[in-house]
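Participant: Here is my input; please provide its structure:
(2 chains)
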There are 2 protein chains.
Amino acid sequence: MADASPELSWNHIAEARERIAGKVNLTPVLTSASLDAQSGAHLYFKCENFQKCGAFKARGATNAVFALSAEEARRGVATHSSGNHAAALARAARLRGIPAYIVMPDNTPQVKRAAVARYGGAQTQISWCEPTLAARERAAREILAATGAVLVHPYDDLAVMAGQATAGVELLEAVPDLDVILCPVGGGGLLGGNAVAAKTLKPAIRVIGVEPAGAADAAHSFRSGRIQPSLKPNTIADGLRGTLGVRPFAAIRARVDDIVTVPDEAIIAAMRQLWEVMKIIIEPSGAVPYAAIASGVLSFPGQRVGLVLTGGNLDLDRLPWMTGAVALRP
Amino acid sequence: MADASPELSWNHIAEARERIAGKVNLTPVLTSASLDAQSGAHLYFKCENFQKCGAFKARGATNAVFALSAEEARRGVATHSSGNHAAALARAARLRGIPAYIVMPDNTPQVKRAAVARYGGAQTQISWCEPTLAARERAAREILAATGAVLVHPYDDLAVMAGQATAGVELLEAVPDLDVILCPVGGGGLLGGNAVAAKTLKPAIRVIGVEPAGAADAAHSFRSGRIQPSLKPNTIADGLRGTLGVRPFAAIRARVDDIVTVPDEAIIAAMRQLWEVMKIIIEPSGAVPYAAIASGVLSFPGQRVGLVLTGGNLDLDRLPWMTGAVALRP
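Facilitator: Numbers count the residues shown, from 1 in each chain, chains lettered A, B, ... in the order given. Here you go, the predicted model:
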């Protein structure tokens, strides 16, 4: 990306805040008396499911696209994500009026294809490839070579991390006396970015990552001190299957207090409880932090806990508590 | 109820507002750029799915319970609703520290039983009866005779209607320049109450009821000028199957501009679209007003339209777009 410095700083985040203001939503922070009573803590849910494109990824993608020089921007942006980042990048490129090149595996669910097409519009070009990381990277390289577009990585990118960090800034502005912030961790852009933001604004705060037990590479990496690849991830939290990025890992090592894991059963139960009690749609990845509290992996009696509900995009025909029924569908 | 005057007035509503302040939520008004683009109108969704107990019924029940004299209250309150009103009445009684007697048909779904028990607590007594209106009314009469409790009807009650009307007051305070308000209509408490509120605050506003085509008694009653019973209601919108009450009908005849109907297919499609786009959980009854817009039954080009999303309580194992799958479950 445009910024060549190796580590995320507060300046990146402050610039991101100004750059994306008015282009993404200032999302609400919701509370629930019954979840507070059940947990014994005061829970503050930062609702990124209400963000543009239905996920926090709009923050980082928008910051990355609008941080480009006019010369860089003219050639467009590219990514080989198939999830929320792809839709967010397509939308940000449309806002700036530049092309977006999205490489997707040819087994990408229809709901995700439709989201990219809907948010991106006419200047979005989707390319299909085989569903392997090697095929995705090769297809992306070919597009970069042919177009001169700028690759915007979904998390291993300081501008993207700085954008994601603005969620934590808003959360602390809404609830300044938080004791701890919980973030899901996949590639680490959200967790690393928000750790830098939160520890700058409030050095005494704790920042804890929560990860699916079936994709525990970040927890292993955090403990061993070096990045452990996510070899065979097996979790319903489809946004959290990737391997930690180098830049996020540097921020996480420096600023994060702990990374804990939760099993898929706890993620599904937490997701369902949030739907039932709070009446909001969150995707499995977004339920991961609350799963740590609801299942007792983490406990914060009497404390004020911020949780980032990262997104609300999922296939409503395939809810995780209906897998038995879904298997019977064509 | 305590108030013996035959017609709902603004004074009832103003009193309700003060009485329930701090006891129910001031719910948010949400908007969606994509639903605005699709409809060609400016849509303002009053989110009563985020209300206490997950539905606007908390407003009316709370007003009715706190409007009782100390002597009336001491003996408790009763109802033979099995839905959102029952949970709301149980909660309001708990807040006031008085007994609540709830008569439920013995085929009431587990999710509704659990809600009444959870919101009501120790002073709630649930009685079971056969699933007929006659059995419910008989069981309620027996409880009233034995306890001296006050019956709080779910809609044919001025204090209840005044409480429901506070949703419209808040909506107009949040968006003063609305051109029209759409409400679902079942027993008519919400529609009648909000029509009185809205036409008092802004005489030029239009207020339109929307009803499932499979339970179109209110539309028939509105056109014929006399209450037509809901004989064999057949709709997924379970909160809207009842017959108009006398007091709601008086308010509706005097103040409502029109009542239109929408088929269940349109209700289900609208509900699903609201889930997908707005990332909020609403029950089928709550999707009925938006169904009229999404299906083209109503069109308000360039106008500002308020819609009351009435509640978010439903069985997440039985979503209407999964009925085929659900039928295969035990």
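Participant: tell me the pLDDT at A:Arg17?
Facilitator: With respect to pLDDT, A:Arg17 has a value of 98.
Participant: go on, A:Ala73?
Facilitator: On the pLDDT scale, A:Ala73 gets 97.
Participant: Are we agreed that it is in a strand?
Facilitator: No: under the criterion used here (DSSP: H, G, I helix; E, B strand; the rest coil), A:Ala73 is helix, not part of a strand.
Participant: In three-state terms, label the closest residue to it other than its chain neighbours for me.
Facilitator: Setting aside the residues directly before and after it, A:Ala73 is nearest to A:Ile98 in space (Cβ to Cβ, 6 or more residues apart in numbering or on different chains), at 5.0 Å. No exception for glycine: its C-beta is placed from N, CA and C like everyone else's. Under three-state DSSP, A:Ile98 falls in the coil class.
Participant: so how many other residues sit close to A:Ile98?
Facilitator: Using other Cβ atoms under 10 Å in any protein chain shown, A:Ile98 is surrounded by 20 other residues.
Participant: Quick check: it touching A:Glu71?
Facilitator: No: look at A:Ile98 against A:Glu71 with Cβ atoms under 8 Å: they stay out of range, at 11.4 Å.
Participant: From B:Ile282, how far out is A:Gly306?
Facilitator: 26 Å (Cβ to Cβ, to the nearest Å).
Participant: count of residues packed around the closest residue to chain B within the stretch 51-200 of chain A?
Facilitator: Per Cβ to the nearest Cβ, the residue of the stretch 51-200 of chain A with the smallest distance to chain B is A:Gly54, at 6.0 Å. Number of residues near A:Gly54 (other Cβ under 10 Å) recorded here: 28.
Participant: pretty sure it contacts A:Asn313?
Facilitator: Yes: the criterion here is Cβ under 8 Å, and A:Gly54 meets it with A:Asn313 at 4.5 Å.
Participant: quick one: the helices in the stretch 1-150 of chain A?
Facilitator: Counting by DSSP state H, counting those that start in this stretch, residue ranges of the helices within the stretch 1-150 of chain A are A:10-20, A:33-39, A:57-66, A:70-75, A:84-96, A:110-120, A:133-147.
Participant: which of the ones you listed sits most buried?
Facilitator: With neighbours taken as mean count of other Cβ atoms under 10 Å in any protein chain shown, the helices of the stretch 1-150 of chain A reach their highest mean count in helix A:57-66, at a mean of 30.
Participant: ok, residues contacting it?
Facilitator: Residues outside helix A:57-66 that contact it (Cβ atoms under 8 Å, 6 or more residues apart in numbering or on different chains): A:1, A:16, A:19-20, A:23-25, A:51-52, A:73, A:77, A:83-85, A:87-89, A:91-93, A:95-96, A:98, A:152, A:154-155, A:157, A:159-164, A:166-167, A:189, A:193, A:311.
Participant: Look up how far A:Val152 lies from the nearest residue to A:Ala67 once chain neighbours are set aside.
Facilitator: Leaving aside its chain neighbours, A:Ala67 sits nearest to A:Ala159 (4.7 Å; criterion: Cβ to Cβ, 6+ apart). Plainly put, A:Ala159 is 8 Å away from A:Val152 if you go by Cβ to Cβ.
Participant: Number of residues surrounding the nearest residue to A:Asp179 once chain neighbours are set aside?
Facilitator: Among residues not flanking A:Asp179 along the chain, A:Gln303 sits closest, at 4.1 Å (Cβ to Cβ, 6+ apart). A:Gln303: 16 surrounding residues under other Cβ under 10 Å.
Participant: what do you get for A:Thr124?
Facilitator: Each residue near A:Thr124 was counted by other Cβ under 10 Å, and the total is 22.
Participant: is it in a bridge, and if so with what?
Facilitator: A:Ala100 (DSSP bridges).
Participant: That one contacts A:Ala117, doesn't it?
Facilitator: Yes: in this structure, A:Thr124 is within contact of A:Ala117 by Cβ under 8 Å, at 6.7 Å.
Participant: Show me the common contact partners of those two, please.
Facilitator: What both A:Thr124 and A:Ala117 touch, as defined by Cβ under 8 Å, 6+ apart, is the set A:Ala90.
Participant: quick one, domains of chain A?
Facilitator: In terms of domains, chain A is parsed into A:10-56+A:158-321, A:58-151 (source: automatic domain parsing).
Participant: deepest of those, which one?
Facilitator: Most buried among these, counting by mean count of other Cβ under 10 Å: domain A:10-56+A:158-321, with a mean of 22.
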